[in-house]
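A.B. asks: Sequence first, predicted model second:
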Amino acid sequence: MIPATPGFRLRFLGFFGPQKPPATLTFGPGLNVLYGASNAGKSFIVEAIDFMLGGGLALRDIPERVGYDRILLGIETFAGEQFTVLRSIDGGGFRLYMGLHQTLPTDEVESKVLDEKHSDRNDANLSAFLLGLCGLVGKRLRKNSRGELQSLSFRNIARLAIVNETEITQQTSPLFDGNYVANTPNLATLKLLLTGTDDSALVASAKREPEELSREAQIQLLDQLLDDYRERLKELTKSPEELSQQLERIDSSLAYHQAQVNTTEAEFQHAAGKRREVRKKLEESRDRRTEVGALLERFNLLDRHYDSDIERLGAIEEGGTFFNVLGSGDCPLCGAKSEHHRPDGDCGGNIDAVVEAARKEIAKIKVLRGELAATVRELEREGASFDRRMPAAVKELKAISDAVDGLISPKLSKLRATYGEFADRRGEVREALALYATVQDMERRRAELETSAEAEKVGSLASADIQTTVADSFAQTVEIILKGWHFPEVGRVFFDPKARDLVVSGKSRSAFGKGLRAITYAAFTLGLLAFCRTRQTPHTGFVVLDSPLLAYREPDGDEDDLKGTDLQEQFYNYLQEMPDDTQVIIVENTDPPESVRNRDQSLMFSKNPHHGRYGLFPYQPQPAQ
């Protein structure tokens, strides 16, 4: 059954691990923009989306993904049906759940297992499921110039909807992916999307066309490649037949060591944190003990000053008393005769007043001395407390440090080294498996060339191109888009049937600088989506573009530099006005216009743990050394 509006939109992408915080992104209909700092995981998101839609290439082993083992992708048809796809981060098959599950479903939730490889013999694979959502189940594509057919896979369509940063600047046609054999099916896929008609009606020709290369030349080339690959294979393994078993054993060992590393890492983090806490408390105690000692020394000196003052004032008091006993005579204060004393003069000869003042000052000093004594006793008690507790803290710190430095840290380093060795070995085994498969395939092809009377030219471009009227209509759609974006000096746009690419204003798309190539690649991809929606032909319904506005960030030269123009603003204006039955996800380093930044479906990665979203994966502080 063909859906009324074929295709689907992405709803969320989430990474999960047993001891990791979830890393989840949500998407909505229409325009979605991810922008911000470099190395924040934006391009990794594009790779992960492709991976979760059946991409065979393993995800890059970036440090941030360590500890995450599963990925969820939520999708929704334009009729409202919702599904969640689960896959191991290491690849393999899929689990399909009804509804949207933004957390890992439990084992009790019903699911269906889907194989990662496309097959037209059964529908228990992801490709068949996704093709069903796009109304493309059972479609056939021309395989080669003889008219032989192959089953349409979702991967044939995905490459026209998901464009990474490397592809968007390539100098070849968006239909060429470096695999010469796939050129004809890729062109047939574009034809299917533009017309809604597949190649099922073709009947393979029994007559073979002349070979572009002689059989002998092909055999010589294969022999040369086989020698190189076999030599490299010998360096990697002595038993190619046992590589699959080796990979299983290595994966098992890696899983075990990963668990050991995680456990020991947790122990190390706990012990290191405890050590920092004890060390901080000990340093604070030592600082306070030093401060207490300094205060006691100063207060002791002050007490001696008080004692000296009391002795001096006591002498004054005692001397005044003696003078009172001796009676009148020369003034002990100024030496004047008693008859010469004048109360209104500088010295009134009042010894009693001096004695009383001395007594009051002595009483005042004694009060201060008592307060000082109380303070000293309190400081002495505090110092004694530190003296009792600090040896135990020193002992505890030494025990923790010995455990960290002597046991946990060496164990963790050894486990990490062992894990690294296993990971390196796994990489070598995977490389060897790929080489072994390549060697086997080449040997098979060589045998076919030797035994066949006339070898087929595999992967030659189909003789039947896209109908001129359809190709021209598609090119005009792209032309309207480029003009709406204010693309520099844009004129007539054509589709070159030989290059399988666009010609803009008489200039081949591949002849532009990489920045303008990225923009025209984006126009090709978005034009295809718009064309299919207008003509009501099948399409995924969504487009993912990585760095389409590269000319604003890394222009090749003056002709490729769009800074100062309004193309960026017009680009985003066009995307904001796209209909609801489409979805576009843009990944960019440059900041979009303010109107786009204010949208709910715009997300900035700051690479700053204290501002906005750090990146795809949550910020995780590095452990103290």
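C.D. replies: Perfect, thanks for sending it.
A.B. asks: So for the helix-or-strand element of the chain with minimal mean pLDDT, what gets flagged as buried?
C.D. replies: Ranked by mean pLDDT, DSSP states H and E, the weakest helix or strand in the chain is helix 215-236, scoring a mean of 73. Neighbour counts over helix 215-236 (16 or more other C-beta atoms under 10 Å) mark 218-219, 226, 229-230, 233, 236 as buried. Just so you know, the C-beta spots here come from the backbone N, C-alpha and C atoms, and that holds for glycine as well.
A.B. asks: chain center to it, what's the gap?
C.D. replies: Taking C-alpha atoms, centre = their mean, to the nearest Å, one finds the center of helix 215-236 at 39 Å from the center of the full chain.
A.B. asks: Which residue ranges of this protein form helices?
C.D. replies: Counting by DSSP state H, the chain has these helices, from start to end: 42-52, 126-133, 154-158, 183-195, 215-236, 243-326, 351-403, 409-451, 468-484, 514-535, 567-576, 594-597.
A.B. asks: Those: lowest mean pLDDT?
C.D. replies: Lowest mean pLDDT within the helices of the chain: helix 215-236, at a mean of 73.
A.B. asks: Share the number of residues neighbouring the closest residue to Asn300 other than its chain neighbours, please.
C.D. replies: Leaving aside its sequence neighbours, Asn300 sits nearest to Val376 (C-beta to C-beta, 6 or more residues apart in numbering; 7.7 Å). By other C-beta atoms under 10 Å, the residues close to Val376 number 16.
A.B. asks: separation between the residue nearest to Pro18 when sequence neighbours are not counted and Asp501?
C.D. replies: Nearest residue to Pro18, sequence neighbours excluded (C-beta to C-beta, 6+ apart): Asp69, at 7.1 Å. Applying C-beta to C-beta, to the nearest Å, the value for Asp69 to Asp501 is 41 Å.
A.B. asks: Looks like Gln258 contacts Tyr419 (just checking).
C.D. replies: Yes: taking C-beta atoms under 8 Å as the definition, Gln258 is a contact partner of Tyr419 at 6.6 Å.
A.B. asks: The least confident helix or strand of the chain to helix 243-326, inter-axis angle?
C.D. replies: With axes from the mean of the first three to the mean of the last three C-alpha atoms, to 10 degrees as the basis, helix 215-236 and helix 243-326 are set at 40 degrees to each other.
A.B. asks: Point out the other helices and strands that helix 215-236 packs with.
C.D. replies: Applying 3 or more C-beta pairs under 8 Å, 6 or more residues apart in numbering; DSSP states H and E, one finds that helix 215-236 contacts helix 409-451.
A.B. asks: Now find how far off-centre the helix it packs on is within its chain.
C.D. replies: Its chain's C-alpha centre and that of helix 409-451 lie 27 Å apart, by C-alpha atoms, centre = their mean.
A.B. asks: buried ones in the biggest strand by length in the chain?
C.D. replies: Ranked by residue count under DSSP state E, the longest strand found in the chain is strand 8-17. For strand 8-17, a neighbour-count test (16+ other C-beta under 10 Å) marks 8-17 as buried.
A.B. asks: How about stretch 17-35?
C.D. replies: 17, 20, 23, 25-27, 29-35.
A.B. asks: Which ones among those residues map onto strands?
C.D. replies: Members of the buried residues of stretch 17-35 lying in strands (criterion: DSSP E): 17, 20, 23, 25-26, 30-35.
A.B. asks: Can you give me the distance of the residue nearest to Val504 when sequence neighbours are not counted to Phe524?
C.D. replies: Closest residue to Val504 apart from its sequence neighbours, by C-beta to C-beta, 6+ apart: Val493 at 5.4 Å. Distance of Val493 to Phe524, computed by C-beta to C-beta: 10 Å.
A.B. asks: Need the overlap of contacts for those two.
C.D. replies: The overlap between the contact sets of Val493 and Phe524 (C-beta atoms under 8 Å, 6 or more residues apart in numbering) consists of 478, 502.
A.B. asks: contacting residues around the spatially closest residue to Arg446 that is not a sequence neighbour?
C.D. replies: Spatial nearest neighbour of Arg446, excluding adjacent residues (C-beta to C-beta, 6+ apart): Leu222 at 4.7 Å. With contacts defined as C-beta under 8 Å, 6+ apart, Leu222 is in contact with 442, 445-446, 449.
A.B. asks: same thing but at 7 Å, please
C.D. replies: 442, 445-446 (C-beta atoms under 7 Å, 6 or more residues apart in numbering).
A.B. asks: burial count for Leu73?
C.D. replies: 20.
A.B. asks: For Phe94, see how far away it is.
C.D. replies: 9 Å.
A.B. asks: can you check Thr534 too?
C.D. replies: Look at Thr534 and Phe94: by C-beta to C-beta, they are 33 Å apart.
A.B. asks: Compare those two (neighbour count), which wins?
C.D. replies: Using other C-beta under 10 Å, the more surrounded residue of Thr534 and Phe94 is Phe94, with 22 against 11.
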